[in-house]
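Engineer: Sequence first, predicted coordinates after that:
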Amino acid sequence: MAKRTPFYDFHVSLGAKMVEFAGWDMPIAYKRGIIEEHKQCRASGSIFDVSHMGRIHLTGRPVAEFLDRALTRKVADQAVGQSRYSLLCNEAGGVRDDVIISRDSKNWILICNASNREKVFAHLTALRRKLDLDLDIADQTEGTAMIAIQGPKVLERIGSVMPGDVKTLKRHCFVTTSMMFIKFTVFRSGYTGEDGLEIILPAKMAGMAMKLIGGRVGDADATIQVAGLGARDTLRLEAGLPLYGHELTENIDPISAGLSWAVDLTKEFIGVEALRKIAADGPKRKLVGLVLDGKRIARQGYAVLNGDAPVGEITSGTYGPTVDKSIAMAYVDAALAAPGTKLAVDLKSERTPATVTKLPFYRRVMA
């Protein structure tokens, strides 16, 4: 039986279509539908339940040393109140998961993908034993809730409701505050290509917190309205953000995925030798954006063609409501990865021309 987040009854009360995702009952969309939820986020603000994502706390003096061995990115110099994107790799350089690591005053918070939570927790626990380090690793996922509030009007709206320095919070930073005896950890981050916040709070307080933070999210004229996983996916794809199980897997390395900026090859971590070789030789395939002619959507696994020859594979595809185009991400032969390259996608019933495009498809000009 699928788990339910602390917001399950809230979703049902607003008419959400619930689906099982990574072992959780999650809203795919509400009554207005994915496209309208997508547009609402781009124009004003949307609130997403992301409580299914893993939240792992690490405590102890050697945590920074431990994470520098586990993660591709250097974190030992990370300041309290700062978050960084990083990856956990296997020995071959493939991605176990992509994560956000945040340093609090007394502990570190690692946010991982819902589908990988148990795998990541087991991996970190085994690595701690192997390195014989005295630190505590605790899975806090089911004792907490998490929401993402995204859009250009979010900071102004939420900043006027929540105490503390939320309005002045810098990107990729976070603060812990409280309101009505509810403790919140508020991050200025997100997965939509918009500015916004992600908030962790106690699971038992989720219902009260939604009323305090969300306000009139169920009203048609509200500044911030509810959105489901469907819109979250179209938003992240327009923003060119990778999704585990699509652009990242145990068989895909971060260099091929265009994530070299999150890999520090000067330090020692699991998979570094394999990644140094890939970096030196150059990846055989690269992740690219594709814009397809027409409105038909390319699905994961569809072949990318150069003439009649298969030269790649679609990882994600959708109609982008903001850019009004059929867009996709794909791995293609490195020699064909330059923007402007003309290829095609086998849509099973027809072959559709496609043009390699620099990611992202959409970028908001941040203030």
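Structural biologist: That came through, no problem.
Engineer: Would you map the strands across the stretch 251-367 of the chain?
Structural biologist: Remark: strands assigned in the stretch 251-367 of the chain by DSSP state E, counting those that start in this stretch are 285-292, 303-306, 309-320, 325-333, 342-346, 351-357.
Engineer: quick one: which of those strands is nearest Met162?
Structural biologist: strand 309-320 (31.8 Å; C-beta to C-beta). Every residue, glycine included, has its C-beta placed from N, CA and C.
Engineer: Before we move on, what's the pLDDT of Glu273?
Structural biologist: Glu273 is assigned 98 on the pLDDT scale.
Engineer: Among the strands of the stretch 251-367 of the chain, single out whichever gets nearest to Lys167.
Structural biologist: The nearest among the strands of the stretch 251-367 of the chain, by C-beta to C-beta, is strand 309-320 at 30.3 Å.
Engineer: hmm, who's touching that closest one?
Structural biologist: Taking contacts as C-beta atoms under 8 Å, 6 or more residues apart in numbering, the residues outside strand 309-320 that touch it are 233-234, 237-238, 243, 246-247, 285, 287-288, 290, 292, 295, 297-305, 325-333, 336, 343, 345, 361-362.
Engineer: Please identify the pairing partners of it and their relative orientation?
Structural biologist: Looking at strand 309-320 with DSSP bridges, its partner strands are strand 303-306 (antiparallel), strand 325-333 (antiparallel).
Engineer: for the ones you listed, which one ends up most surrounded?
Structural biologist: Per-stretch averages of neighbours, counted by mean count of other C-beta atoms under 10 Å, single out strand 325-333 among those, with a mean of 24.
Engineer: Name the nearest residue to Arg296, sequence neighbours excluded.
Structural biologist: Leu347 (5.6 Å; C-beta to C-beta, 6 or more residues apart in numbering).
Engineer: For that neighbour, give its distance to Met162.
Structural biologist: With distances taken as C-beta to C-beta, to the nearest Å, Leu347 is found 46 Å from Met162.
Engineer: can you check Leu336 too?
Structural biologist: Between Leu336 and Met162 the distance, using C-beta to C-beta, works out to 48 Å.
Engineer: Could you export the strands of the stretch 251-367 of the chain as a markdown table, including mean pLDDT?
Structural biologist: Below are the strands of the stretch 251-367 of the chain laid out as a markdown table (pLDDT from 0 to 100):
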| stretch | mean pLDDT |
| --- | --- |
| strand 285-292 | 98 |
| strand 303-306 | 98 |
| strand 309-320 | 98 |
| strand 325-333 | 98 |
| strand 342-346 | 98 |
| strand 351-357 | 98 |
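Engineer: between these, which one is nearest to Ala114?
Structural biologist: Each of the strands of the stretch 251-367 of the chain was checked against Ala114 via C-beta to C-beta, and the shortest separation belongs to strand 309-320, namely 17.1 Å.
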